[in-house]
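Colleague: Okay, here's the prediction I keep looking at, along with the sequence it came from:
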Amino acid sequence: MPSSTAATITPARRVRGRLRVPGDKSISHRYALLAALAEGSSTLTHFAPGADCRSTLACLRRLGVDVREGPAGNVTLLGRGFGHLSSPSAPLDAGNSGTTMRLLAGVLAGQPFSAKLIGDDSLSRRPMRRVIEPLERMGARIDSADGRPPLTVHGTTLHAIAHCPKVPSAQVKSAVLLAGLHADGTTSVTEPAATRDHTERALVAFEGAVRVDDLTVSVSGGQRLVGQSLSVPGDFSSAAFWLVAAAGRPGSHVEIEDVGLNPTRTALLDVLRRFGARVTVEGNASGDDSGGEPRGTVIVDGDRTGSLVIAPEEVPGLIDELPALAALAAKGGEVTVRGAEELRVKESDRIAVLVAGFRALGIDADEHHDGFTIRGTSSPRGGVAHAHGDHRMAMAFAVAALAAERPSTIEGADAVVISYPGFFETLDRLVASPPA
């Protein structure tokens, strides 16, 4: 379906099928980083195939970690243990991955050497002060381009801090906790709202100790992590596009198996129910067999379209799913999101790019300083929308374009390789599946 830069989306009344999405990107990053710091070998199966997680593995190789990639998403890493990473001979390239840069900055802050972190043009525009400030309070020195990449992290012996960020961010929390593993004393992060807890669960999976007290997470320095064999569940944020595609089209039926059901990530399911979809979850709530990460099957049947208002307090639990949620309104619904200023400093200005793209597809869209309103019609005209290098924009526009009267074009569709290389092939399959 896609050329090197564009994809043509054919309208579809419904989507149907059963599938498995790629391994969770957030979990894959964290497992790889902790495996590098652990003692012994770790084997990670169903590792995320996208370019972002490839960037993390490439950076770890430059730090002296033996990384071997096998078939079917199997990755083996031979851990170096704390304090035994190697000083890199060249900059560490995070590509488009903000997660790689922020979390690796936390790891590098406690190393006995300096390392430079670089990224592509998009990543080089993203703000990093919220990571730089707490790491410097812990004793590291970080050079930056006015708070943006490239970052040169001058590692040192760290001391523990109690960090209270004003804006909830799982990446900032994780960077500070990873630095805290290298610090003297106990480091804590108290957030204003709960964010995804993959780092906390991953630390326990690698036999580390974490204390969670409401919104405060604490780790002690000097811990010993042990290599593990772990399976990565399917990425819920990738699954969100198929769940939304089904929820927004009456008569649709999509089943996604072995997808992550971490409760800090699944707020979307209740939102889809509010919109009018029928949502069924079959799975393991404890997650004891998968590194503490619950997983299972999610089934969505499109029943009716409705309207939604996403309030600011809901945004931290939906931040990666908001582009998908916008596409929910493409065929006759309405979605309003407020309190989501964070979207402006993602891979693109996701508020501005989303509104421009939806308008280009013939869908009514308003831009707010902290969000957007999308008002769909029964048959938007279709058109040409540009993803501006943002993988989630490309996928959101593709799902929205299914509702159009005529084929639409998504420019920059190749951005999906960041997180979901097989996205368009899967879309073809779901559209082509016959009704049950």
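Modeller: Yes, it's here.
Colleague: Who are the contact partners of the residue nearest to Leu268 when sequence neighbours are not counted?
Modeller: In space, not counting the residues next to it along the chain, Leu268 is nearest to Glu321; the distance is 4.7 Å by CB to CB, 6 or more residues apart in numbering. Any C-beta I mention is one placed from the backbone N, CA and C, and that applies to glycine too. Glu321 makes contact with Phe236, Ser237, Ala240, Ala267, Leu268 under the criterion CB atoms under 8 Å, 6 or more residues apart in numbering.
Colleague: what's the farthest-apart pair in those?
Modeller: Longest distance between any two of the contacts of Glu321 is 11.6 Å, between Ser237 and Ala267; criterion CB to CB.
Colleague: all helices of this protein, in order?
Modeller: For the chain, helices defined by DSSP state H occupy the ranges 25-37, 51-62, 98-108, 129-137, 170-180, 198-205, 236-247, 267-275, 322-327, 350-360, 391-401, 423-432.
Colleague: Show me the one of those that comes nearest Thr305.
Modeller: The stretch from these with the least distance to Thr305 (CB to CB) is helix 267-275; that distance is 7.1 Å.
Colleague: what angle sits between the closest one and helix 236-247?
Modeller: What separates the directions of helix 267-275 and helix 236-247 is an angle of 10 degrees, with axes from the mean of the first three to the mean of the last three CA atoms, to 10 degrees.
Colleague: elements contacting helix 267-275?
Modeller: Under the contact criterion of 3 or more CB pairs under 8 Å, 6 or more residues apart in numbering; DSSP states H and E, helix 267-275 touches helix 236-247, strand 278-284, strand 307-310, helix 322-327.
Colleague: And the protein, split by domain according to the record?
Modeller: As recorded under automatic domain parsing, the domains making up the chain are 6-23+233-432, 25-231.
Colleague: Quick check: end-to-end length of the shortest one?
Modeller: Taking CA to CA, to the nearest Å, domain 25-231 runs 13 Å from one end to the other.
Colleague: roughly how far apart are the nearest residue to Leu135 once chain neighbours are set aside and Ala12?
Modeller: With CB to CB, 6+ apart as the measure, Ala109 is the residue that lies nearest to Leu135, at 4.6 Å, once sequence neighbours are left out. Distance check for Ala109 against Ala12: by CB to CB, to the nearest Å, it reads 48 Å.
Colleague: Those two: who's more crowded?
Modeller: Using other CB atoms under 10 Å, the more surrounded residue of Ala109 and Ala12 is Ala109, with 29 against 18.
Colleague: quick revisit: the more surrounded of Ser237 and Ala267?
Modeller: Set side by side, Ser237 and Ala267 give different neighbour counts by other CB under 10 Å, the larger being at Ser237 (24 against 17).
Colleague: So that one versus Lys173, what's the distance?
Modeller: Here the criterion is CB to CB. By it, Ser237 lies 18 Å from Lys173.
Colleague: repeat for Gly371
Modeller: Computed as CB to CB, the Gly371 to Lys173 distance reads 23 Å.
Colleague: what's near enough to touch the residue nearest to Leu135?
Modeller: Taking CB under 8 Å, 6+ apart as the definition of contact, the neighbours of Ala109 are Leu135, Met138, Gly139, Ala140, Ile142, Val153, Gly155, Thr156, Leu158, Ala179, His182.
Colleague: of all those, which comes closest to Asp214?
Modeller: Of all the contacts of Ala109, Ala179 has the smallest distance to Asp214: 22.0 Å, by CB to CB.
Colleague: mind checking how far that closest one is from Met101?
Modeller: In this structure, Ala179 and Met101 are 14 Å apart, going by CB to CB.
Colleague: Return the residues in contact with Leu117.
Modeller: Going by CB under 8 Å, 6+ apart, Leu117 touches Pro91, Leu92, Ala94, Met101, Leu104, Ala105, Leu108, Pro149, Pro150, Leu151, Thr152, Val153.
Colleague: Quickly name whichever of these is closest to Ala51.
Modeller: Compare each of these with Ala51 using CB to CB and the shortest gap goes to Ala94, at 10.5 Å.
Colleague: my read: the closest one touches Leu123, true?
Modeller: Yes - with contact defined as CB atoms under 8 Å, Ala94 counts as touching Leu123 (6.1 Å).
Colleague: ok, those two, which is more surrounded?
Modeller: Between Ala94 and Leu123, counted using other CB under 10 Å, the more crowded position is Ala94 (28 against 23).
Colleague: tell me the contacts of that one?
Modeller: Contact partners of Ala94, counting by CB under 8 Å, 6+ apart, are Ser55, Thr56, Cys59, Thr100, Met101, Leu104, Leu117, Ile118, Gly119, Leu123, Pro149.
Colleague: from those residues, which two are the most distant?
Modeller: Farthest pair in these (CB to CB) is Thr56 and Pro149. Separation: 15.4 Å.
Colleague: Neighbour count for the two, which is higher?
Modeller: Neighbours around Thr56 and Pro149, counted as other CB under 10 Å, are more numerous at Thr56. The numbers are 28 against 22.
Colleague: Ignoring the adjacent residues along the chain, who's closest to the more buried one?
Modeller: Using CB to CB, 6+ apart and skipping the chain neighbours, the partner closest in space to Thr56 is Thr100 (4.7 Å).
Colleague: and the one you found, how many neighbours does it have?
Modeller: By the measure other CB under 10 Å, the count of residues near Thr100 is 29.
Colleague: wait, what's in contact with it?
Modeller: By CB under 8 Å, 6+ apart, the residues touching Thr100 are His29, Asp52, Ser55, Thr56, Cys59, Ala94.
Colleague: what's the pLDDT at the closest residue to Ser144 other than its chain neighbours?
Modeller: Taking CB to CB, 6+ apart, and ignoring the residues beside it in sequence, Ser144 has Leu151 as its nearest neighbour in space, at 5.2 Å. The predicted local distance difference test score for Leu151 is 98.
Colleague: Surely Leu151 touches Gly98?
Modeller: No - using CB under 8 Å, Leu151 makes no contact with Gly98, being 11.6 Å away.
Colleague: which of these two has more neighbours?
Modeller: Of the pair Leu151 and Gly98, Leu151 is the one with more neighbours under other CB under 10 Å, namely 27 against 22.
Colleague: and the more buried one, bridged to which residues?
Modeller: In this entry, Leu151 is beta-bridged to Leu117, by DSSP bridges.
Colleague: List the contacts of it.
Modeller: When contacts are counted by CB under 8 Å, 6+ apart, Leu151 touches Met101, Ala105, Lys116, Leu117, Met128, Ile132, Ile142, Asp143, Ser144.
Colleague: quick one, what contacts the nearest residue to the third one once chain neighbours are set aside?
Modeller: Nearest in space to Lys116, with sequence neighbours left out and distances taken as CB to CB, 6+ apart, is Pro91 at 4.3 Å. Shown here is Pro91, whose contacts under the criterion CB under 8 Å, 6+ apart are Ala115, Lys116, Leu117, Ile118, Pro150.
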